[in-house]
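Participant: Fold the following and give me the result.
(one chain, ligands or ions: 1)
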Amino acid sequence: MKENIEGFLKAVQEELPEVTVLRREEERLIYAHGCYPREYKWLLQGPYKVLPEAILMPGNTDEVSRIMALSQEYSVGVIPFGGGSGIVGGSIAENHEVMLDIKNLKEFEINSVNGTAVGGAGLTGADFENMLNEAGYTCGQYPQSFQSAVLGGMVATRAIGTFSTKYGKMDDMVNSLEVVLPNGHVLKTHKTPKASTGPELDQLFLGSEGVYGIVTKVEMKIYPVAEKRYFEAFTFNRTEDGLEAIRQFVQNNVHPAVVRLYDEDESIPKMEKYGFEKGHVFLVIGYEGLEKQVDLEREYVHHYCAMNGGVPKGPKPGYDWFHSRFSTKKMLDHDAMKGGTADAIEVAAPWDCIANVWREMRKALEPMCTSIDCHFSHVYHTGASVYVIFHAQTGGDDFDGEKRYMECLDTAIRTSLKYGGNVSHHHGSGKAKAEYLPLEHGEAGIEVMQKIKDALDPKGLVNKGVLGL
Ligand SMILES: Cc1cc2nc3c(=O)[nH]c(=O)nc-3n(C[C@H](O)[C@H](O)[C@H](O)COP(=O)(O)OP(=O)(O)OC[C@H]3O[C@@H](n4cnc5c(N)ncnc54)[C@H](O)[C@@H]3O)c2cc1C
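Facilitator: I've put the predicted structure just below:
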């Protein structure tokens, strides 16, 4: 509550003098938004909609714990803030909240016997990976937002990186967590590789987007840096042929690190660049691991691609993808354009409906957009995810751009659900997609999520409204 803010901040400063508190308007503006495309539009539309009351920067778990206990005492809303790269409106301070910036939590320790490393929740993906590399290890987590997203934020959203077919997603990579609950109690989940002592509590916090507590430490699985890394490309007649080849090798337990299949339209610039067959589609495969393992995986990938008409095109296009993989220029240009908008909608579907989900989402969005790029880049035993990246230009102002954004988002998600896909594969739901969650989880699923929220945070103070809770 707004009226309790001053008392709360006074108590924090008296009890925790080491905690940095930011209150200047420009600092509040910086923390007022993440990378949700509507937030870009709000920045362009004039005075910003809502600012957090203050930003608190604790330096350790004890300080986080005390801040959370005080926030309950004073009934002050709190929003955890990591790298700020979230793109679903997961940190909008609509209820006079304070931001809890966790980026000063930066511990780092490797346990090479167990094959794990503990990182403070505030370490960026890049910092964590660089420290591992220096010691000869990797965790294999390379999201496109690698430089800005932090470990806590990646746990909170169940993030995923481009090498996911080998290393898995954040939900597979975490071995244990330390979490501060809304009442300030500190929970440490068990570090044993498996237990049969009730539900796995890590999984309650993975993907919880802060609504159940603040992640403060993350224990990740680590691996020796790969002996060999190799990229190559293939072309196929049709998207469906590429999907079938991928399904076959993954279901036979062949797991190259990177699998990226571009549909006919997104393949066009690549086919032109390399002079490949017009109208065909483009697949990048990346392998890493022990030398002989990479060679064997390549053999099997070639086998399943050939069975589906795939033509090997050598390593160059694969390495070109690797070197340009962090670029998001086209999307950001559209977001910045007057009246323009863009986003990458990522959904997942089982194999028996993934092609329909992709085709129908593209078809439904086409009348509203200037261009759409679609690719499949995370694949599993039972299905795959599809990215549908839309770019639109209304010719109007930034209010029109925002309106078009909302129409595109709604169309994309409802079409995905209609054809067997889900609401979100890895960006999370935040406030942007919260209204669609009952359509995916059903009434009973939402009831369970809400009851857990009510038990852990009875006043509803932590990240209120995110996930619709
Ligand atoms: C250019 C670009 C590329 C991207 N590429 C990818 C990609 O390849 N893969 C992918 O998965 N995502 C990607 N994203 C989305 C985004 O990077 C991820 O969602 C990321 O995990 C967010 O991490 P963050 O630290 O920036 O979190 P934030 O944006 O700060 O927060 C995200 C949510 O988590 C909550 N939160 C943050 N920290 C904590 C904590 N310690 N405890 C509890 N809750 C917390 C916040 O309140 C918020 O609701 C991309 C985004 C951009 C802008």
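
Participant: helix or strand for residue 156, which one?
Facilitator: Of the helices and strands defined by DSSP states H and E, residue 156 is found in helix 151-157.

Participant: ok, residue 321 - how many residues close by?
Facilitator: Neighbour count for residue 321, taken as other C-beta atoms under 10 Å: 19. Placement of C-beta: from N, CA and C, glycine included.

Participant: do the helix holding residue 156 and the ligand meet?
Facilitator: Yes - residues of helix 151-157 contacting the ligand under C-beta under 6 Å from any ligand atom: 152-154, 156-157.

Participant: What parts of the stretch 1-150 of the chain come near the ligand?
Facilitator: Within the stretch 1-150 of the chain, the positions adjacent to the ligand are 34-35, 79-87, 90-91, 102, 121, 143-145, 148-150 by C-beta under 6 Å from any ligand atom.

Participant: Next step: those residues restricted to strands.
Facilitator: Cross-referencing those against strands under DSSP state E gives 79-81.

Participant: Nearest to the ligand among those residues?
Facilitator: The closest of these to the ligand turns out to be residue 80 (C-beta to the nearest ligand atom; 3.6 Å).

Participant: Return the residues in contact with the closest one.
Facilitator: Listed by C-beta atoms under 8 Å, 6 or more residues apart in numbering, the contact set of residue 80 reads 91, 99-100, 102, 152, 156, 210, 214-215, 462-463.

Participant: so what's the residue of the stretch 201-350 of the chain found nearest the ligand up against?
Facilitator: Going by C-beta to the nearest ligand atom, the ligand is nearest to residue 210 of the stretch 201-350 of the chain, at 3.0 Å. Applying C-beta under 8 Å, 6+ apart to residue 210 gives the contacts 79-80, 90, 156, 462-463, 466.

Participant: Select, from the residues of helix 151-157 next to the ligand, the two members most distant in space.
Facilitator: With C-beta to C-beta as the measure, no two of the residues of helix 151-157 next to the ligand lie farther apart than 152 and 157, at 9.9 Å.

Participant: and residue 93, which of the three is it?
Facilitator: Here residue 93 is recorded as coil under DSSP: H, G, I helix; E, B strand; the rest coil.

Participant: Name the nearest residue to it, sequence neighbours excluded.
Facilitator: In this structure, residue 93 finds its nearest non-sequential neighbour in residue 52, 3.9 Å apart by C-beta to C-beta, 6 or more residues apart in numbering.

Participant: State the number of residues packed around the residue in the stretch 101-250 of the chain positioned nearest to the ligand.
Facilitator: Of the residues in the stretch 101-250 of the chain, the one nearest the ligand is residue 153, at a distance of 2.0 Å by C-beta to the nearest ligand atom. A total of 32 residues lie near residue 153 under the criterion other C-beta under 10 Å.

Participant: What count of nearby residues applies to the nearest residue to it once chain neighbours are set aside?
Facilitator: Distance criterion C-beta to C-beta, 6+ apart; nearest residue to residue 153, sequence neighbours excluded, is residue 82 at 2.9 Å. Residues near residue 82, counting by other C-beta under 10 Å, number 29.

Participant: And the next helix or strand past the strand or helix carrying residue 284?
Facilitator: Assigned by DSSP H and E, residue 284 falls within strand 281-289. Next along the chain after strand 281-289, taking DSSP H and E as the criterion, comes helix 291-307.

Participant: quick one, what contacts the residue in the stretch 351-469 of the chain positioned nearest to the ligand?
Facilitator: Closest approach of the stretch 351-469 of the chain to the ligand (C-beta to the nearest ligand atom) occurs at residue 426, with a separation of 4.2 Å. Shown in contact with residue 426 (C-beta under 8 Å, 6+ apart): 157-160, 169, 346, 378, 385.

Participant: Out of these, which comes closest to residue 39?
Facilitator: Taking C-beta to C-beta as the measure, residue 39 sits nearest to residue 157 out of those, at 15.8 Å.

Participant: Quick check: closest non-adjacent residue to the closest one.
Facilitator: Residue 157 sits nearest to residue 428 (C-beta to C-beta, 6+ apart), 3.9 Å away.

Participant: Now for that neighbour: which residues touch it?
Facilitator: Listed by C-beta under 8 Å, 6+ apart, the contact set of residue 428 reads 86, 88, 90, 156-158, 207, 209.

Participant: so can I have a markdown table of the residues you listed showing distance to residue 395, pLDDT and neighbour count?
Facilitator: Converted to a markdown table, these look like this (distance: C-beta to C-beta, whole Å; pLDDT from 0 to 100; neighbours: other C-beta atoms under 10 Å):
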| residue | distance to residue 395 | pLDDT | neighbour count |
| --- | --- | --- | --- |
| 86 | 30 | 97 | 28 |
| 88 | 27 | 98 | 25 |
| 90 | 31 | 98 | 30 |
| 156 | 37 | 98 | 30 |
| 157 | 34 | 98 | 28 |
| 158 | 37 | 98 | 20 |
| 207 | 38 | 97 | 19 |
| 209 | 35 | 98 | 25 |
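
Participant: Pull the number of nearby residues for residue 54.
Facilitator: 23.

Participant: Kindly state the domain boundaries assigned to this structure.
Facilitator: Using automatic domain parsing, the domain parsing of the chain gives 2-103, 108-224, 228-323, 329-437.

Participant: Could you pull out the strands in the stretch 201-350 of the chain for me?
Facilitator: Remark: strands assigned in the stretch 201-350 of the chain by DSSP state E, counting those that start in this stretch are 214-221, 223-224, 228-236, 258-262, 281-289, 311-312, 340-350.

Participant: Would you format these as JSON lines with mean pLDDT included?
Facilitator: Putting these into JSON lines (pLDDT from 0 to 100) gives the following:
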{"stretch": "strand 214-221", "mean pLDDT": "98"}
{"stretch": "strand 223-224", "mean pLDDT": "98"}
{"stretch": "strand 228-236", "mean pLDDT": "98"}
{"stretch": "strand 258-262", "mean pLDDT": "98"}
{"stretch": "strand 281-289", "mean pLDDT": "97"}
{"stretch": "strand 311-312", "mean pLDDT": "98"}
{"stretch": "strand 340-350", "mean pLDDT": "97"}
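
Participant: any chance of the ones you listed in JSON lines, with distance to residue 421 and mean neighbour count too?
Facilitator: Compiled in JSON lines, the strands of the stretch 201-350 of the chain are given as follows (distance: least, C-beta to C-beta, whole Å; neighbours: other C-beta atoms under 10 Å):
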{"stretch": "strand 214-221", "distance to residue 421": "28", "mean neighbour count": "25"}
{"stretch": "strand 223-224", "distance to residue 421": "31", "mean neighbour count": "14"}
{"stretch": "strand 228-236", "distance to residue 421": "22", "mean neighbour count": "21"}
{"stretch": "strand 258-262", "distance to residue 421": "16", "mean neighbour count": "25"}
{"stretch": "strand 281-289", "distance to residue 421": "20", "mean neighbour count": "26"}
{"stretch": "strand 311-312", "distance to residue 421": "29", "mean neighbour count": "16"}
{"stretch": "strand 340-350", "distance to residue 421": "4", "mean neighbour count": "23"}
